[in-house]
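S.K.: fold the following and give me the result.
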Amino acid sequence: MAIQWFPGHMNLTRKAIAERIKDIDVVIEVLDARLPASSANPLLAEMTGHKPTLKILNKQDMADPARTQAWLDHYNAIPGTRALALQASDAGAAQALAPACHALAPGRGGLAKPMRVLTCGVPNVGKSTLINSLTGKRHAKTGDEAGITKLEQRITLADDFYLYDTPGMLWPRIVVTQSGFNLAASGAIGRNAYDEEEVALELLDYLRRHYAPLLQARYKIAGADQMKDEEVLEAIGRQRGALLGKGKINTQKAAEIVITEFRTQVLGRITLETPAEYAQWLADAQVQEAARAEKKAARARKGKPADA
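M.R.: Predicted coordinates:
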């Protein structure tokens, strides 16, 4: 089942960004280093695509280092784009943002032409933590849950450097199915929008294929890469004591354990996608979208409701 989550305040954020972008010099898009492309909002790309962009791969300390480098190389090869990997809570690393912005907009600076920067990203990606590290103050609320920031804020980082912070925003329809699962696993989507067992199974499917040694080390499951996802989830439940009566496994509890331990890095440094993988997921999704659009058009030509 495809995962979707677009609360009302996100539509207001979209309108606010569309208005603000006219006066912005550089866009900082904060991404989750564990799922860089899935946490990149295509709607934001449409709205801000004509502006120089700094991609921040946040939570690098939780991501696979080799894959983080692959993503940095990928983004840095795009004209008008620079990419940095950092840990938002590290004030020293955060200070690299200002020079990167000036490199993207060298004509800005000084009181006559102050740098105007817009920060954006999906919920729970670490924007607020980054801003607090930049300023050394608690300007923005933080927390491990989607949708905490609700209002735009203007923050003065220097006399000639203004930062506009926006609430986290997803897009009305997540086309790449795997992106929905990755966003849910990371905590970017509200808990009422997905089934935890389904997300845990998708997560385990990826982990047993790409990070089986980490699964074995954490849950003492030998041969996890040869097991079915449901078997791995049950084995985790059994190993962690998530049991119901008569020896049945509490798979809901086991799913919560898997998701929580991924989010908190207990499982290890993991990245859920590579540039090549995401390109294939997107290509497949575009084919499916084209077929869906053609089916809808065919029904319209026959005078039938689109969802009939």
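S.K.: contacts, neighbours, all on C-alpha from now
M.R.: OK.
S.K.: all helices of the stretch 151-300 of the chain, in order?
M.R.: For the stretch 151-300 of the chain, the helices defined by DSSP state H, counting those that start in this stretch cover 177-186, 196-210, 212-219, 229-239, 251-263, 275-301.
S.K.: among those helices, which gets the worst mean confidence?
M.R.: Mean pLDDT values for these show the minimum at helix 275-301, a mean of 91.
S.K.: list the buried residues of that helix.
M.R.: Pro275, Tyr278, Trp281, Leu282, Ala285, Lys296 (16 or more other Cα atoms under 10 Å).
S.K.: right, and the pair among these with maximum separation?
M.R.: Pro275 and Lys296 (31.2 Å; Cα to Cα).
S.K.: Arg240 versus the residue nearest the centre of the chain, what's the distance?
M.R.: When Cα atoms, centre = their mean is applied to the chain, the residue found nearest the centroid is Ser39 (2.6 Å). Distance from Ser39 to Arg240, counting by Cα to Cα, to the nearest Å: 31 Å.
S.K.: could you do Ile24 as well?
M.R.: Taking Cα to Cα, one finds Ile24 at 50 Å from Arg240.
S.K.: repeat that for Ile259.
M.R.: 14 Å.
S.K.: one step back: of the helices of the stretch 151-300 of the chain, which is nearest Arg108?
M.R.: Nearest to Arg108 among the helices of the stretch 151-300 of the chain is helix 275-301; the distance by Cα to Cα comes to 32.2 Å.
S.K.: quick one: the closest one to helix 177-186, angle?
M.R.: Orientation of helix 275-301 against helix 177-186 (axes from the mean of the first three to the mean of the last three Cα atoms, to 10 degrees) gives an angle of 120 degrees.
S.K.: that older thread, OK, contacts around the residue nearest to the centre of the chain?
M.R.: Leu31, Asp32, Gly121, Val122, Ser179, Leu183 (Cα atoms under 8 Å, 6 or more residues apart in numbering).
S.K.: show me what contacts the last one?
M.R.: In other words, Leu183. Going by Cα under 8 Å, 6+ apart, the list of residues near Leu183 reads Leu35, Ser38, Ser39, Ile189.
S.K.: between those residues, which sits nearest Asp159?
M.R.: Lowest distance from Asp159 to these (Cα to Cα) belongs to Ser39, with 31.7 Å.
S.K.: what helix or strand is that closest one on?
M.R.: Under the criterion of DSSP states H and E, Ser39 resides outside all helices and strands.
S.K.: now do stretch 238-257: distance to the chain's middle.
M.R.: The chain centre lies 29 Å from the centre of stretch 238-257; the measure is Cα atoms, centre = their mean, to the nearest Å.
S.K.: show me where the stretch 1-150 of the chain has its strands.
M.R.: 26-32, 53-58, 81-85, 115-121 (DSSP state E, counting those that start in this stretch).
S.K.: and of these, who's closest to Ala200?
M.R.: strand 26-32 (18.5 Å).
S.K.: packing partners for that closest one?
M.R.: Packing contacts for strand 26-32, counted by 3 or more Cα pairs under 8 Å, 6 or more residues apart in numbering; DSSP states H and E, involve strand 53-58, strand 115-121.
S.K.: how much space between Glu231 and Ile221?
M.R.: For Glu231, the distance to Ile221 - Cα to Cα - is 10 Å.
S.K.: these two: who's more crowded?
M.R.: Ile221 (18 against 13; other Cα atoms under 10 Å).
S.K.: for the more buried one, list the residues it contacts.
M.R.: So Ile221 contacts Leu215, Val232, Ala235, Ile236 (Cα under 8 Å, 6+ apart).
S.K.: wait, which of these is closest to Tyr164?
M.R.: Among the contacts of Ile221, and counting by Cα to Cα, the member closest to Tyr164 is Leu215, at 40.7 Å.
S.K.: hmm, that closest one is touching Leu267, no?
M.R.: Yes. Judged on Cα atoms under 8 Å, Leu215 makes contact with Leu267 at a distance of 7.1 Å.
S.K.: for Arg269, grab the count of nearby residues.
M.R.: Neighbours around Arg269, by other Cα under 10 Å: 17.
S.K.: from here on, count from 588
M.R.: Got it, the first residue is 588 from now on, which makes the last one we talked about Arg856.
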